[in-house]
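Colleague: return a 3D structure for these sequence lines:
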Amino acid sequence: MKLLVTGSIATDHLMTFPGRFADSLVADKLSSISLSFLADELQIRRGGVAPNICFGLGSLGLSPVLVGAAGADFEEYRSWLERHGVDTGGVHISEVHHTARFVCTTDADHNQIATFYAGAMSESREIELHPIASARGGADLVVIGANDPEAMLRHTEECRFRGYPFVADPSQQLARMDGAEIKRLIAGAAFLLTNEYEAALIEQKTGWTTQQILAKVGIRVTTLGPRGARVERAGAEPIEVKVPPELDRVDPTGVGDAFRAGFLAGIAWGLGLARAAEVGAMLATLVVETVGTQEYDLERGRFWTRFSDCYGAEAAAEIRPFLPACAG
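Modeller: Below you'll find the model as predicted:
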């Protein structure tokens with residue numbers, strides 16, 4: 001399957017605050033917040049939703065095409081991604097901006113406060129998908145991940161015009177978009193991927209009900225945190241998938257991107273929806289056990305054993321033929 005993954009390309013600055021954000025919030029003063037949290041740890045990691053998803057897909061043996069905009073400081077990141085199976089030929093390099101920055105602080109309850117600087121990402125709206133896809137023999141699926149909002153809408157419209165099946169994955173940018181823009185973004189998507197809060201926000205802003213959304217998209221996938229994931233299609237019973245037990249809970253950053261990578265890998269392998277969601281949940285579990293979004297060790301034997309322990313021997317037998325291509 002030829003997969004193009006569009007979205008932000010960024011460097012993550014991840015800090016840890018040992019207390020609870022809630023303890024510093026005064027209920028009747030929320031309109032004039034002035035807070036500073038003393039972090040006791042800083043990790044600088046590679047990030048951005050598109051590279052995170054691509055890294056997971058590459059680690060699972062696929063060759064996704066990364067599409068996005070970065071600065072001249074991208075070369076080391078490019079080398080890293082290419083060593084992990086990612087085609088970076090679709091990256092536009094800005095002549096004036098740095099690669100985007102994601103600055104995030106996580107408290108003791110794993111709540112997060114984050115700021116995102118767009119930088120070169122603002123130029124992603126200039127990227128045309130067709131030349132990138134044509135150079136690779138077409139596009140079987142295009143992921144429209146969180147990015148410059150104008151770029152997301154432009155990529156979606158181009159997918160409709162070119163007939164490329166696409167995945168709507170708006171995530172953080174839902175906060176900036178109004179109902180009309182969100183409708184333009186998701187209508188006609190082969191897959192709609194969100195977390196539980198984002199799913200509710202889409203319904204609130206668009207005014208569409210769950211059933212109306214299912215009539216607009218092929219498949220709706222909603223991640224539910226520690227409760228797993230739900231996969232829905234019009235006229236079918238929802239599929240509920242649980243999450244494998246965590247060995248440790250270190251950092252939730254990038255967990256959703258890892259789920260998407262695993263799920264899309266399962267789709268590319270031709271697995272059923274439930275099995276694809278299980279692969280996504282297994283990959284997401286590996287990410288939450290490490291600091292950073294691309295620091296997990298996808299060792300084939302351990303991945304298969306943990307997958308089998310959680311989902312059973314029959315499920316593990318279905319994915320095993322695909323795992324020899326994994327990094328290990």
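
Colleague: mind listing the strands for the stretch 51-200 of the chain?
Modeller: Using DSSP state E, counting those that start in this stretch, the strands found in the stretch 51-200 of the chain span residues 65-70, 87-93, 100-106, 112-117, 141-145, 166-169, 191-195.

Colleague: the shortest one packs against which elements?
Modeller: Where contact means 3 or more CB pairs under 8 Å, 6 or more residues apart in numbering; DSSP states H and E, strand 166-169 is packed against strand 141-145, helix 149-162, strand 191-195. The C-beta positions use only the backbone N, C-alpha and C, and glycine is treated the same way.

Colleague: cool, the third one as well?
Modeller: Secondary structure elements in contact with strand 100-106, counted by 3+ CB pairs under 8 Å, 6+ apart, are strand 10-16, strand 112-117.

Colleague: how much space between the residue lying closest to residue 12 once chain neighbours are set aside and residue 253?
Modeller: Closest residue in space to residue 12, ignoring its immediate chain neighbours: residue 47 at 3.5 Å, by CB to CB, 6 or more residues apart in numbering. Distance of residue 47 to residue 253, given as CB to CB, to the nearest Å: 8 Å.

Colleague: and for residue 145?
Modeller: Taken as CB to CB, the spacing of residue 145 relative to residue 253 amounts to 15 Å.

Colleague: dump the residue contacts of the residue nearest to residue 12.
Modeller: With contacts defined as CB atoms under 8 Å, 6 or more residues apart in numbering, residue 47 is in contact with 10-12, 102, 253-254, 292-294.

Colleague: out of these, show me where the pLDDT dips lowest.
Modeller: Taking pLDDT as the measure, the contacts of residue 47 have their low point at residue 292 (76).

Colleague: what about that one, how many residues nearby?
Modeller: The burial metric for residue 292, expressed as a neighbour count using other CB atoms under 10 Å, is 19.

Colleague: which ones are touching it?
Modeller: Applying CB under 8 Å, 6+ apart to residue 292 gives the contacts 12, 14, 43, 45-47, 251, 253-254.

Colleague: most neighbours among those, which one?
Modeller: Ranked by neighbours (other CB under 10 Å), the contacts of residue 292 are led by residue 254, which has 30 neighbours.

Colleague: where does this protein dip in pLDDT?
Modeller: Across the chain, the stretches falling below the confidence threshold (pLDDT under 70) are 324-328.

Colleague: where do the helices of it begin and end?
Modeller: Applying DSSP state H to the chain gives helices spanning 49-59, 75-83, 129-134, 149-162, 179-186, 196-206, 210-216, 255-268, 273-288, 300-311, 313-319.

Colleague: give me whichever of these is most buried.
Modeller: Ranked by mean neighbour count, the helices of the chain are led by helix 49-59 with a mean of 30 (mean count of other CB atoms under 10 Å).

Colleague: pull the CA atoms of it into CSV?
Modeller: What follows is helix 49-59, C-alpha atoms only, in CSV (Å, rounded to 0.1, in the frame of the first residue of the first chain):
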residue,chain,number,x,y,z
VAL,A,49,2.3,14.0,14.1
ALA,A,50,3.4,13.1,10.6
PRO,A,51,6.9,11.8,11.5
ASN,A,52,5.6,10.1,14.6
ILE,A,53,3.1,8.1,12.4
CYS,A,54,5.7,7.5,9.7
PHE,A,55,8.2,6.3,12.3
GLY,A,56,5.7,3.7,13.6
LEU,A,57,4.8,2.6,10.1
GLY,A,58,8.5,2.3,9.1
SER,A,59,9.2,0.3,12.2
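
Colleague: quick one: it to chain centroid distance?
Modeller: 8 Å (CA atoms, centre = their mean, to the nearest Å).

Colleague: same for that helix, what does it pack against?
Modeller: Using 3+ CB pairs under 8 Å, 6+ apart, helix 49-59 sits against strand 3-6, strand 65-70, helix 75-83, strand 141-145, helix 255-268.

Colleague: direction included, what does the second one pair against?
Modeller: Translated: strand 65-70. Partner strands and pairing direction for strand 65-70 (DSSP bridges) are strand 3-6 (parallel), strand 87-93 (parallel).

Colleague: so how far is that strand from its chain's centroid?
Modeller: The gap between where strand 65-70 is centred and where its chain is centred comes out at 14 Å by CA atoms, centre = their mean.

Colleague: which residue is nearest the centroid of the chain?
Modeller: Centrality entry for the chain: nearest residue to the mean C-alpha point is residue 257, 2.7 Å, by CA atoms, centre = their mean.

Colleague: distance check, that residue against residue 108.
Modeller: According to CB to CB, residue 257 stands 23 Å off from residue 108.

Colleague: same deal with residue 62?
Modeller: For residue 62, the distance to residue 108 (CB to CB) stands at 37 Å.

Colleague: neighbour-wise, which of those two wins?
Modeller: Residue environment comparison for residue 62 versus residue 108 gives the larger neighbour count to residue 62, 21 against 12, counting by other CB under 10 Å.

Colleague: surely that one is in contact with residue 5?
Modeller: No - under the criterion of CB atoms under 8 Å, residue 62 makes no contact with residue 5, lying 10.3 Å away.
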